[in-house]
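K.L.:
Would you be able to build a 3D model of this:
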Amino acid sequence: MGNRQQEIGRWGENLAADFLEKRRYSILERNYRTLAGEIDLVALQDLGKEMVLVFVEVKTRTSGRFGYPEQAITRKKLDHLLRAINDFQDNHPQYEYGWRIDVIAVQQLSVNQSPNILHFESVIFSNDPEY
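P.N.:
Numbering: from 1, shown residues only. Reported below is the predicted structural model:
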């Protein structure tokens, strides 16, 4: 990945982390790396009666050339993410909570406009029978 794409990715991840923190999520990890891949953000959400681990995939676009950011989430990407989640859970037994995968799509098509941030919750969650 080129430097410009990395900068855009970091920018999007920072916006996503700020977005979540404003909604009372606690960011536990950023760019958690495993052999299976990377988890952009690991957050903890307090739902009152329970805590939930939220593994967040952030996709950022600055043009419409490749479609909407969320369209970049492929089955292959989800499979890598699930393996990375297993690694995280193996290495962090203190977080014995249910979990889910969220996607945050960040798009800014012009420098004159504010970025658009969409939060897709529960793309996959821990009691999903398919996983």
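K.L.:
any chance you could map the helices in this protein?
P.N.:
Assignment of helices within the chain using DSSP state H yields the ranges 3-22, 75-91.
K.L.:
Next, format these as TSV and append mean pLDDT and mean neighbour count.
P.N.:
Heads up, the C-betas are built off the backbone N, CA and C, glycines and all. Shown next, in TSV, are these (pLDDT from 0 to 100; neighbours: other CB atoms under 10 Å):
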stretch	mean pLDDT	mean neighbour count
helix 3-22	90	15
helix 75-91	92	15
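K.L.:
Out of the ones you listed, which is closest to Ser114?
P.N.:
helix 3-22 (10.2 Å; CB to CB).
K.L.:
Pass me the low-pLDDT residue ranges in the protein, would you?
P.N.:
Within the chain, the ranges that satisfy pLDDT under 70 run 1-2, 125-131.
K.L.:
Check the gap between Tyr95 and Thr74 for me.
P.N.:
According to CB to CB, to the nearest Å, Tyr95 stands 27 Å off from Thr74.
K.L.:
Quickly note the distance from Ser114 to Val106.
P.N.:
11 Å.
K.L.:
So those two - more neighbours on which side?
P.N.:
Val106 (23 against 7; other CB atoms under 10 Å).
K.L.:
Stretch 102-119 spans what distance, first to last residue?
P.N.:
One end of stretch 102-119 to the other measures 7 Å (CA to CA, to the nearest Å).
K.L.:
got a list of contacts for stretch 34-45?
P.N.:
13, 16-17, 20, 24-32, 51-58, 80-81, 83-88, 95, 97, 104 (CB atoms under 8 Å, 6 or more residues apart in numbering).
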